[in-house]
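> let's see this in three dimensions:
(2 chains)
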Amino acid sequence: MLRAMLGLTKTVYEDSAEVVIVGTGAGGATAARVLAAAGVDVLMLEEGPRLQTAKRPRAAVGALSGSLRAAGSQTTTGMAPIPLLQGLCVGGSTAMNSGIIWRMPEDVRQTWIAEHGLASLVDAEALERIYAVIEEELEVAETSDEVLGGNATLMRMASEALGLPGKAMSRNARRCEGKGECLQGCPGERRQSMDVSYVPRSIRDGARLETGCRVERVDIEGGRAVGVSGLKVDPVSREVLGRFRVRAQHVVVAAGVVHTPLVLQRSGLRGMVGHRFQAHPGAAIVGRFPEPVRMSYGATQGYEVPMRDRGFKLESLSLPPEMLAARLPGAGAEWQERIANLDHYAQWCAQVRMEAKGRITAGPLGPLAFYEPTERDLAKVQDALTLICDMMFEAGAVEVYPGIDGVPEVLRSRAEVATLREKAWQTGQVHLVASHLFGTAVAGADPSTSVVDDQLRAHGVSGLYVMDASVFPTNMGVNPQHSIMAVVWRAAEALAARIDQRAAA
Amino acid sequence: MQLTPWEKRWLTAIFEGFAPPASAADADARRLQPRPGEVDWAGAFVQLNEGGSPIAQAGLRAAIHLIGTSPAWMGAGAASMEGLAVEARAALLERLAQHPLRLVRELTWLMKVQASMALFGTPSVRARSGYDRDRAEKTPVRLRTKRELPREEVV
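Below is the predicted model of the structure:
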């Protein structure tokens, strides 16, 4: 106790930089990549540890508890909490996602221009140039047949049989070996997550990285950001070691959609900070097949069926055995019979573009995320998961486990899928999970409805920038990593140019 | 996250209800039955949740208490899970998974997730599951792209 109290007062780390970047996920690492290459003095701060992918535990218990914020227990509030999965390690959420790459859909880009005044940020020509560079540097390629694996191949068979617009995913893993361990950190470092790509590249270009820095606030003096301060913690045990302070001419906050607004709120920013929180919550369906599927081989996610007109996207999703087994019905001998045949299961999930908007604020025990799917959102979930059940039987499943309250635990024929359509689903009937998060510090031309401008500069505080998915004024209906990197790249180029001009002057 | 001795006992009783142990003599590898003492249920639970949020830890503790005492309030003939045979625990867990109260269903499912994590987090059990060995066999023949295979191999 005494040690903890001393830790709250003793300063154990002080530093300075031209630009300090809070967070090393898709946003922070990309900003570092651009700024360091431009010769800017960059210091990256990360609260979590720098994990060596080859040494990360292969079992989900150790791998996820050591790399996810709150060990994966961060959720929305309310009667039906939705887990909000975010990375807490160097690389952020990119260190445990599947590396799925989608350029920003044109309809989303047009909405950002027409409704939010972001024409410069999402200029088509500029984005095209940036996408091309990122795709080359991060080895983006379509998942090859060789590493598609049984799980994704079954989904392709179902999609083709039903005439759906399915396709092999583009991922930042051109040299993928199909080990199916993206969630635990690609053991061969084939997937180009930020911890193995832009963070080390930035360091080679002169940037510095300090882990164990839990940034509490941006220090603001006379309307200008002059640095950040917070608690220095052990990045693994989270034990508080003391306080830290970094002085900087420019502060880039990229702490993620849940924590970026908290840092801004603690720094005195108000208005729209924390508002317009959006997500792509999803759920998964498991099916049992007569022949081995061998989910353990192949890209963790390799095939997708985008259904933008219906508001969702279906994806193959292979899981480690402990997570798959928990999805299978039964207890005791019945459960043990099912888990004894783990190689016979396929799992596909739906990511739903929800219209619901929520809010993030600080609570006494951590962030509070107020977010409730609307009736129309739940109808989309029902549409998506019912389609997956149909696809499972089309592909030859003998049993399908919807995992939805109020419907049969086991479906044994396509005719039984009709029971899923009988009544509109209610909140809490489905176990939703969200890893694609947006908003809470949105970009826009109007300071009364946004937090940052079209160069991601904070309204009203000079020298302060937000460069992560917090700035997205809408969700997208596709995986956001590529769009985050592209808009951050564009804003970071503008910042580098301003720094260069100032130095020249 | 610290557990009291009786919380550890309840936790073990719940988890063994999901995955009943077998004696070394009659263990059936096809069922992935853990040997007695093979899985450190309480240790894995603590490891998994030590970084959890305070709210999540409170929820997990509530789950141990609620499910641990469920034989009493479900009329299953015992004061706690410890007092039931493993087969009866499994039957009770099935009933709890279908309970009219959503809270009970959710906390039961939460315990099942934890049991699964602990079970497959045990290296010897995971090795017996064959899950990782299967990786070397790559994609089953029927699921490979048909153009990859000679005609006679396409099933």
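> what separation do you get for the closest residue to chain B within the stretch 301-450 of chain A and B:A78?
Scanning the stretch 301-450 of chain A for the residue nearest chain B gives A:G332, at 2.5 Å (criterion: C-beta to the nearest C-beta). Heads up, the C-betas are built off the backbone N, CA and C, glycines and all. Here the criterion is C-beta to C-beta, to the nearest Å. By it, A:G332 lies 16 Å from B:A78.
> any idea how far the closest residue to chain A within chain B is from B:K112?
Nearest residue of chain B to chain A (C-beta to the nearest C-beta) works out as B:A90 at 2.5 Å. Applying C-beta to C-beta, the value for B:A90 to B:K112 is 11 Å.
> how about the residue of the stretch 301-450 of chain A closest to chain B, nearest residue that isn't a chain neighbour?
Leaving aside its sequence neighbours, A:G332 sits nearest to B:A90 (C-beta to C-beta, 6 or more residues apart in numbering or on different chains; 2.5 Å).
> how about B:A44?
Computed as C-beta to C-beta, 6+ apart, the closest residue to B:A44 that is not its neighbour in sequence is B:A118, at 3.6 Å.
> which ones are touching the one you found?
A:V61, B:F15, B:V39, B:D40, B:W41, B:A44, B:F45, B:L48 (C-beta atoms under 8 Å, 6 or more residues apart in numbering or on different chains).
> give the contact list for the second one.
Residues near B:F15 by C-beta under 8 Å, 6+ apart: B:V39, B:W41, B:F45, B:M111, B:Q114, B:A115, B:A118, B:L119.
> where does the residue nearest to A:G332 sit, in terms of helix or strand?
If you go by DSSP states H and E, B:A90 is part of helix B:86-97.
> and that helix, average pLDDT?
The pLDDT scores in helix B:86-97 average 94.
> same question, stretch A:283-293
Across stretch A:283-293, the average pLDDT comes to 94.
> what's it in contact with?
Outside stretch A:283-293, the residues that touch it by C-beta under 8 Å, 6+ apart are A:150-151, A:154, A:317, A:324, A:327-328, A:338, A:341, A:343-350, A:381, A:385, A:388-389, A:392-393, A:395-403, A:430-433, B:134, B:140, B:142-143.
> quick check on those: which are buried?
Using 16 or more other C-beta atoms under 10 Å in any protein chain shown as the burial test, those include A:150-151, A:154, A:317, A:324, A:327-328, A:338, A:341, A:343-350, A:381, A:385, A:388-389, A:392-393, A:395-397, A:399-403, A:430-433, B:134, B:140, B:142-143 as buried.
> tell me which residues of the biggest strand by length in chain A come out buried.
In chain A, taking DSSP state E as the definition, the longest strand is strand A:240-253. Neighbour-count burial for strand A:240-253, counted by 16+ other C-beta under 10 Å, picks out A:240-244, A:246-253.
> rewinding a little: after the helix or strand hosting the residue nearest to B:A44, next one along is what?
In this structure, B:A118 sits in helix B:102-120 according to DSSP H and E. Per DSSP H and E, the first helix or strand lying C-terminal to helix B:102-120 is helix B:123-129.
> what is that next one packed up against?
helix B:102-120 (3 or more C-beta pairs under 8 Å, 6 or more residues apart in numbering or on different chains; DSSP states H and E).
> got the phi/psi numbers for A:W425?
When read as degrees, to the nearest 10, the backbone of A:W425 gives phi -80, psi 150.
> near it, how many other residues are there?
Here the number of neighbours of A:W425 (other C-beta atoms under 10 Å in any protein chain shown) works out to 22.
> in contact with it, which residues?
A:L378, A:A379, A:V381, A:Q382, A:I404, A:G406 are the contacts of A:W425 under C-beta under 8 Å, 6+ apart.
> ok, so of those, who is nearest B:L11?
The closest of these to B:L11 turns out to be A:I404 (C-beta to C-beta; 27.5 Å).
> need phi/psi at the closest one.
phi -120, psi 130.
> the residue in the stretch 51-200 of chain A positioned nearest to chain B - nearest residue in space that isn't next to it in sequence?
Relative to chain B, the nearest point of the stretch 51-200 of chain A is A:S73 (3.3 Å; C-beta to the nearest C-beta). If the residues on either side of it in the chain are set aside, A:S73 comes closest to B:A56, at 3.3 Å by C-beta to C-beta, 6+ apart.
> contact partners of the host helix or strand of that neighbour?
For B:A56, the host element (DSSP H and E) is helix B:54-68. By C-beta under 8 Å, 6+ apart, the surrounding residues in contact with helix B:54-68 are A:70-71, A:73, A:75, A:365-366, B:1, B:3, B:7, B:10-11, B:13-14, B:45, B:49, B:52, B:80-82, B:93, B:96, B:104, B:107-108, B:110-111, B:114.
> and that helix with helix B:102-120, angle?
Orientation check (axes from the mean of the first three to the mean of the last three C-alpha atoms, to 10 degrees): helix B:54-68 against helix B:102-120 gives 90 degrees.
> burial of the residue nearest to A:G332, as a residue count?
When neighbours are defined as other C-beta under 10 Å, B:A90 has 22 of them.
> what residues does A:K313 make contact with?
Contact partners of A:K313, counting by C-beta under 8 Å, 6+ apart, are A:E304, A:V305, A:P306, A:M307, A:A350, A:Q351, A:R353, A:G477, A:V478.
> if it is in a bridge, with which residues?
Using DSSP bridges, the bridge partners assigned to A:K313 are A:P306, A:Q351.
> and the helix or strand containing A:E337, what does it pack onto?
Secondary structure from DSSP H and E places A:E337 in helix A:333-339. Helix A:333-339 sits against helix A:321-325, helix B:86-97, with contacts defined as 3+ C-beta pairs under 8 Å, 6+ apart.
> can you tell me what sits against the last one?
When you say that, I think you mean helix B:86-97. Contact partners of helix B:86-97, identified using C-beta under 8 Å, 6+ apart, comprise A:330-335, B:13-14, B:16-18, B:20-21, B:67, B:70-71, B:74, B:76-77, B:81, B:84, B:104-105, B:108-109, B:111-112.
> residues of it that come out buried?
Going by neighbour count (16+ other C-beta under 10 Å), the buried part of helix B:86-97 is B:V86, B:A88, B:R89, B:A90, B:A91, B:L92, B:L93, B:E94, B:L96, B:A97.
> dump the helices and strands packed on helix A:333-339 to JSON lines, plus distance to A:A54.
What follows is the helices and strands packed on helix A:333-339, written out as JSON lines (distance: least, C-beta to C-beta, whole Å):
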{"stretch": "helix A:321-325", "distance to A:A54": "21"}
{"stretch": "helix B:86-97", "distance to A:A54": "38"}
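> quick one: which of those is nearest A:G271?
Smallest distance to A:G271 across the helices and strands packed on helix A:333-339 (C-beta to C-beta): 39.8 Å, for helix A:321-325.
> now for the nearest residue to A:P447 once chain neighbours are set aside, how many residues are close by?
Distances taken as C-beta to C-beta, 6+ apart put A:H459 closest to A:P447, at 3.9 Å, once the chain neighbours are dropped. Around A:H459 there are 18 other residues, counting by other C-beta under 10 Å.
> how close does A:H459 get to A:V452?
In this view, A:H459 and A:V452 are 7 Å apart by C-beta to C-beta.
> likewise A:G72?
Taken as C-beta to C-beta, the span from A:G72 to A:V452 is 29 Å.
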